[in-house]
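Student: sequence and predicted structure are below.
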Amino acid sequence: MMQQLPVMEHFYTLQGEGFHQGRAAYFIRLAGCDVGCVWCDVKDSWDATKHPHMTIEDLLTAVKETPAQLVVITGGEPLMHDLKQLTLTLKNAGLELNIETSGAHPLSGNWDWICVSPKKFKAPLPEIMPKANELKIIIFNKSDFEWAEKYATLTNETCKLYLQPEWDKASEMTPLILDYIKKNPRWELSLQIHKYMNIP
Ligand code: SF4
């Protein structure tokens, strides 16, 4: 039987953050998250039972109704689900596949790009860190810079490093981030440009 996954929302838009910022992408936001970030902007995603289940075939059909070439699987915490079958199906359809995860659950699936955004509320599993193509640290307060460096040491040497201000703290944290990046140029700035543009 075809696997079903709880889906909070799925839509075609532009990736607003990180390395692939500005690219057209089909977002699939899977429901379910047990990480519990206090500043989470998608708290509705936490309870997977509140969201409809979709078959992988239905998700592929939805993606194929658009010209999308890139699919971003996000959440929630998408790795609460086994994503092997989803990635196999989307890959067989010729799609490029990125995941955005806190890393707090075992990695499943076959990915072109793994963005790990560790959270203080539930630490990532150590084995995922060397596999990250991108490390994205949300800066909520000053102590987060030191915390960011701790995770950077766990990544591989080609991993892209991003600091992103938490949205509600952006006016306070962005100047600190700019200053930090100038002193530590391996890091780059990630802004949630979709929020500035008011698109999903
Ligand atoms: S990991 Fe993501 S979805 Fe889960 S609580 Fe944190 S910000 Fe929200």
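Tutor: Structure received.
Student: okay, the spatially most central residue of the chain: pLDDT?
Tutor: In the chain, the residue lying closest to the centroid (Cα atoms, centre = their mean) is E100, at 2.2 Å. The model reports E100 with a pLDDT of 98.
Student: what does this protein have sitting close to the ligand?
Tutor: C33, V35, G36, C37, C40, V42, S45, G75, G76, E77, S102, K119 (Cβ under 6 Å from any ligand atom). (Each C-beta comes from the backbone N, C-alpha and C, glycine too.)
Student: in this protein, spot the helix with the most residues.
Tutor: Longest helix of the chain, by residue count under DSSP state H: helix 170-183.
Student: what's in contact with that one?
Tutor: I139, F140, N141, K142, F145, L163, P165, E166, W187, E188, L189, L191 (Cβ atoms under 8 Å, 6 or more residues apart in numbering).
Student: tell me the most packed of the residues of the chain next to the ligand, by neighbour count.
Tutor: G76 (29 neighbours; other Cβ atoms under 10 Å).
Student: wait, doesn't it sit right on S45?
Tutor: Yes: counting by Cβ atoms under 8 Å, G76 touches S45, with 4.0 Å between them.
Student: what sits in contact with each of the two?
Tutor: In contact with both G76 and S45: M8, R29, L30, A31, G32, C33, using Cβ under 8 Å, 6+ apart.
Student: just to revisit the earlier point, right, and the pair among the contacts of helix 170-183 with maximum separation?
Tutor: N141 and E188 (20.1 Å; Cβ to Cβ).
Student: of these two, who's got more company?
Tutor: When N141 and E188 are compared for neighbours, E188 comes out ahead with 15 against 12, by other Cβ under 10 Å.
Student: can you count the residues close to the residue lying closest to E166 once chain neighbours are set aside?
Tutor: Spatially, and ignoring its direct neighbours in sequence, E166 is nearest to F140 (4.4 Å; Cβ to Cβ, 6 or more residues apart in numbering). Neighbours of F140 under the rule other Cβ under 10 Å: 19.
Student: do you know how far F140 is from G32?
Tutor: Going from F140 to G32 by Cβ to Cβ, to the nearest Å gives 23 Å.
Student: the longest strand in this protein is where?
Tutor: strand 4-14 (DSSP state E).
Student: what sits up against it?
Tutor: So strand 4-14 is contacted by 22-32, 42, 44-45, 48-49, 51-56, 59, 62, 66, 68, 75-76, 81, 86, 193-194, 197, 199-200 (Cβ under 8 Å, 6+ apart).
Student: picking up where we left off before, average pLDDT across the longest helix of the chain?
Tutor: Here helix 170-183 scores 97 as its mean pLDDT.
Student: how far away from the center of its chain is the lowest-mean-pLDDT helix or strand in the chain?
Tutor: Lowest mean confidence among the helices and strands of the chain (mean pLDDT, DSSP states H and E): helix 193-197, at a mean of 88. Distance, stretch centre to chain centre, for helix 193-197: 16 Å (Cα atoms, centre = their mean, to the nearest Å).
Student: elements contacting it?
Tutor: Secondary-structure packing of helix 193-197 (3 or more Cβ pairs under 8 Å, 6 or more residues apart in numbering; DSSP states H and E): strand 4-14.
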